[in-house]
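1. Show me how the following folds:
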Amino acid sequence: MLQKRFFPFFLFCLLTLQSYADNAANPLPFLPIPTPQTCQAVFYPEGSLLILPCLTIFPESEPNYQISLGLILFDESFGFVMQDYSLSQVDLSQPKNAQCIAQFLPATGEVMIPCLAVANAVTLYSATLQLNASLFSTYFSLTRFSEVSGNLNAQSKTTNTSTTNTTDTNSAAVTLTTLRLEIVGNPAVANGQDKISLRTLAFDASGKPLPNASINLEITALGQPAPLFTFSNGSSGTTAANGLFDAAITSTTDGSLQVVAVSGNMRSNAITVTFKEVTREAHALLLLHGMNSDELTWNTYLEQDERFDITTCPVVFGGVLEDPYMLSAQTTPPTLGCFRVRFGAYDATSRRVGLENLTATSPEKGDFSSFETLGKEVAEAVTALQNAYRRYYGDNVELKIALVGHSRGGLAARAFLQSDNVDNSIKSAIAAFLTTGTPHNGSPLGRVYSYLKQTCLSSNNTTRLGKDGWFSNDPCFDDWQVVDSLRYGQCNGITLSDERLDVRKPTVNDLSDRSTGISELHANADKLPDHILYGSLRYTGIDLGRLTRRYWIFDYAWIPDPCDQVSSNAQYALLEGSSPDALHLTGDGVVPYINQDFPAGFASYDKMPKSGEVFHTKETLETLHINDALKALLPAW
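-> Numbers count the residues shown, from 1 in each chain. Below you'll find the predicted structure:
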């Protein structure tokens, strides 16, 4: 029974015979159709017959037909019509036959003839016939006719066993056939399938591609230079038993397109190639500042790194890229983009209240936002960058980001990555995450917030407790003196630091090692995505509470200090009786070394690059340490 795919062809045959009987005034002479032993097509000029001993219907390999086509002459053209057909008697197991099988392509109406000889001649040709039913039901015009180089009758030497069928490609019988490849359509804009005709391919006489053969395919495509890609049979292509390409992975020279599938019979000269645009990676850093800070904390880092400067590392605030010119002015993504988050977009609407009823009426650097809200700002920043890269560079550019978080900025990034409310398509943009000086386990200094609220404030959270006066020796008075010294950066007319720290803000309580926020991050650490590379920079060698080279908030009897220190009551509440120079409290002055430890089992890079020199607020200046860590995590960047 004829296969379904052959039914249209069979119908054409019947219609042709009827049409020929009705319309042919001078019937063409019929010659007895021989029973050939090979699949080589033959044209007999005397009888005007074209015999195709082996014809299959793409993409099937069975049944195999023998077809007789008669030549028809017109005033200025000629073609062929169907005269007879039968099942082929040729043994297709012979390699020389498999190579010369012709194919009918129902989708295009083409007949591909790889081996065509003329009776009593020695030259071998290949040809393409095109079905045109406007004249006769099965009228085929000749659309391609070219000489074939090489001896197509040569056979490869094969060895058949129960498990293998091996071709000896070193045998002198192996023949290389060179064809050419030509694209119909423009692959530069192709998202589907483009039909191409085979122009350059090497295979042996059995019809298999030669193993380990790398062949440059020339492609003629509108607006594209040739050659456009390189095809490697040995490593990229796979061949099914029926001679079809299952898949071929190649890429264009400009990296913009990729061939993801090739289908078609190698014995014909037409295949179909499926193209897609190659997804190219773009890389960027996203810098996250800590509490009581802003994006300016990264200025020194940017100035010391020759790849960046302040003007080429724009700010993202509230999910908006404030200066997209760095991206829009380029036709291709920067080698390594740089961006900085400014936290605080939701401070004014957070309704959080600090000590002494302190509230935010404008952005306050994120100091009135919870970890969850800060994580939301990171997610919005990542989304803004993804959208910007798509807008300026196209959908085939995939942005990969390395997060670098200082202090609380690292906790904001963790809140983003551990959140169930952030889509995985946003998290998937993160390639690496590096923290520096981040209090992953909180800091004992954060306890000062709850101590002041419970001990040194009235129940209405507005009135300070403690007797005024320098000689009152009131613990709360001393403690509030320290609060004001940190808030204004000076005491008794002595400048303590350029930085200001207001411990009355809610974020100080969040950073306590006893806070709910720290506990929740710790409990959900298993939600950190597995695809990200994690690293941490930890610093030690400085006693807890030593905020600058010249100021300690805890009282050392042997160190004279003109400024105020916290009371012994506060010191006990914060340190639980330990000395500030105790080993477990030593770190960067604000966060003990052990509290900077990334959750166990995640960090592939965990270094203590320097000891005794780097204070907490100066860790963003350590350009060498940060870049060494990023290189270890992302060497290809």
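2. Counting neighbours, what do you get for the spatially closest residue to Cys456 that is not a sequence neighbour?
-> Nearest residue to Cys456, sequence neighbours excluded (C-beta to C-beta, 6 or more residues apart in numbering): Cys476, at 3.8 Å. (C-beta placed from N, C-alpha, C; glycine too.) Using other C-beta atoms under 10 Å, Cys476 is surrounded by 20 other residues.
3. buried ones in the helix or strand hosting Cys476?
-> If you go by DSSP states H and E, Cys476 is part of helix 475-488. By neighbour count with 16 or more other C-beta atoms under 10 Å, helix 475-488 contains the buried residues 475-483, 485-486.
4. do you know how far Ala41 is from Val590?
-> Counting by C-beta to C-beta, to the nearest Å, the separation of Ala41 from Val590 is 86 Å.
5. Is Ser146 located within a helix, as I assumed?
-> No - checked against DSSP: H, G, I helix; E, B strand; the rest coil, Ser146 lies outside a helix; its state is strand.
6. Wait, Lys400 touches Glu281, no?
-> Yes - the pair Lys400 / Glu281 is scored as a contact, 5.3 Å apart, by C-beta atoms under 8 Å.
7. low-confidence ranges in the stretch 301-450 of the chain?
-> For the stretch 301-450 of the chain, no stretch is flagged by pLDDT under 70.
8. In the protein, where is pLDDT below threshold?
-> In the chain, residues with pLDDT under 70: 1-37, 74-76, 95-96, 133-137, 149-278, 469-472, 557-561, 610-612.
9. quick one, what contacts the residue nearest to Cys456?
-> 455-456, 464-466, 567 (C-beta atoms under 8 Å, 6 or more residues apart in numbering).
10. now, which of the residues you listed lie within helices?
-> Counted as lying in helices by DSSP state H, out of the contacts of Cys476, are Thr455.
11. Pipe the contacts of Cys476 into CSV and attach distance to Gln330 and neighbour count per row.
-> Converted to CSV, the contacts of Cys476 look like this (distance: C-beta to C-beta, whole Å; neighbours: other C-beta atoms under 10 Å):
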residue, distance to Gln330, neighbour count
Thr455, 57, 16
Cys456, 55, 23
Arg464, 55, 16
Leu465, 59, 15
Gly466, 59, 18
Ser567, 58, 24
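12. nearest to Thr335, of the contacts of Cys476?
-> Cys456 (53.4 Å; C-beta to C-beta).
13. Give me the phi and psi angles of that closest one.
-> phi -120, psi 20 (degrees, to the nearest 10).
14. OK, contacts around it?
-> Contact analysis of Cys456 by C-beta under 8 Å, 6+ apart lists 464-466, 475-476, 479-480.
15. Ala384 contacts Pro324, correct?
-> No - contact criterion C-beta under 8 Å: Ala384 and Pro324 do not qualify, at 9.3 Å.
16. between the two, who's got more neighbours?
-> Each of Ala384 and Pro324 has its neighbours counted (other C-beta under 10 Å); Ala384 has more, 20 against 15.
17. any idea how far the residue nearest to Cys456 lies from Gly489?
-> From Cys476 over to Gly489 (counting by C-beta to C-beta), the distance is 22 Å.
18. now Ser350
-> 25 Å.
19. do the same with Glu613
-> 22 Å.
20. returning to what we had before: more neighbours, Lys400 and Glu281?
-> Shown here are Lys400 and Glu281; by other C-beta under 10 Å, Lys400 has more neighbours (15 against 12).
21. one step back: mind telling me the two of the contacts of Cys476 farthest from one another?
-> Farthest pair in these, by C-beta to C-beta: Arg464 and Ser567, 13.6 Å.
22. can you pull the contacts of Ala402?
-> Taking C-beta under 8 Å, 6+ apart as the test, what Ala402 contacts is 283-286, 430-434, 630, 633-634, 637.
23. Contact partners for the nearest residue to it once chain neighbours are set aside?
-> Distance criterion C-beta to C-beta, 6+ apart; nearest residue to Ala402, sequence neighbours excluded, is Ala432 at 4.4 Å. Applying C-beta under 8 Å, 6+ apart to Ala432 gives the contacts 402-403, 532-535, 630, 633-634.
24. which one of these is nearest Val503?
-> Val503 lies nearest to Leu403 out of the contacts of Ala432, by C-beta to C-beta, at 27.1 Å.
25. Hmm, the closest one is touching Leu286, no?
-> Yes - judged on C-beta under 8 Å, Leu403 makes contact with Leu286 at a distance of 5.3 Å.
26. what touches both of those two?
-> Joint contacts of Leu403 and Leu286 (C-beta under 8 Å, 6+ apart) are Val378.
27. Of the two, which one has the most company?
-> Leu403 (28 against 25).
28. you'd agree the more buried one is in a strand?
-> Yes - counting by three-state DSSP, Leu403 is found in a strand.
29. what's the offset of the helix holding Cys476 from the middle of its chain?
-> 52 Å (C-alpha atoms, centre = their mean, to the nearest Å).
30. again with stretch 618-635
-> With C-alpha atoms, centre = their mean, you get 24 Å for stretch 618-635.
31. Also stretch 299-315?
-> 26 Å.
32. And for Gly577, the neighbour number?
-> 8.
33. cool, Leu624 as well?
-> Leu624 has 12 nearby residues by other C-beta under 10 Å.
34. how about the helix holding Cys476 as PDB, C-alpha atoms only?
-> Provided in PDB are the C-alpha atoms of helix 475-488 (Å, rounded to 0.1, in the frame of the first residue of the first chain):
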ATOM      1  CA  PRO A 475      24.600  56.300  83.200                       C
ATOM      2  CA  CYS A 476      21.900  57.400  80.800                       C
ATOM      3  CA  PHE A 477      23.400  60.900  80.600                       C
ATOM      4  CA  ASP A 478      26.700  59.400  79.600                       C
ATOM      5  CA  ASP A 479      25.000  57.200  77.100                       C
ATOM      6  CA  TRP A 480      23.100  60.000  75.400                       C
ATOM      7  CA  GLN A 481      26.400  62.000  75.200                       C
ATOM      8  CA  VAL A 482      27.900  59.100  73.200                       C
ATOM      9  CA  VAL A 483      24.700  59.100  71.000                       C
ATOM     10  CA  ASP A 484      25.100  62.800  70.200                       C
ATOM     11  CA  SER A 485      28.900  62.500  69.700                       C
ATOM     12  CA  LEU A 486      28.300  59.800  67.000                       C
ATOM     13  CA  ARG A 487      25.400  61.800  65.500                       C
ATOM     14  CA  TYR A 488      27.400  65.000  65.000                       C
END
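35. which element follows that helix toward the C-terminus?
-> strand 490-491.
36. Mind listing residues that contact that following strand?
-> With C-beta under 8 Å, 6+ apart as the criterion, strand 490-491 contacts 481, 484-485, 496, 562-564.
37. if we can go back for a sec, nearest to Ala119 among the contacts of Ala432?
-> Leu634 (68.0 Å).
38. how far away is that closest one from Met82?
-> According to C-beta to C-beta, Leu634 and Met82 sit 64 Å apart.
39. for Ser419, same thing?
-> From Ser419 across to Met82, the span is 68 Å (C-beta to C-beta).
40. quick one, which of these two is more surrounded?
-> Between Ser419 and Met82, counting by other C-beta under 10 Å, Met82 is the more crowded of the two (23 against 19).
41. partners of the more buried one in the sheet?
-> Beta-bridge partners for Met82, by DSSP bridges, are Leu69.
42. That one against Val111, yeah?
-> No - under the criterion of C-beta under 8 Å, Met82 makes no contact with Val111, lying 10.5 Å away.
43. ranges for the helices of the stretch 451-600 of the chain?
-> Counting by DSSP state H, counting those that start in this stretch, the stretch 451-600 of the chain has helices at residues 475-488, 506-510, 516-523, 568-575.
44. Ser579: how many residues sit nearby?
-> When neighbours are defined as other C-beta under 10 Å, Ser579 has 13 of them.
45. What of Gly601?
-> Look at Gly601: counted by other C-beta under 10 Å, it has 9 neighbours.
46. any idea how far it lies from His522?
-> For Gly601, the distance to His522 - C-beta to C-beta - is 13 Å.
47. and what of Leu288?
-> Look at Leu288 and His522: by C-beta to C-beta, they are 19 Å apart.
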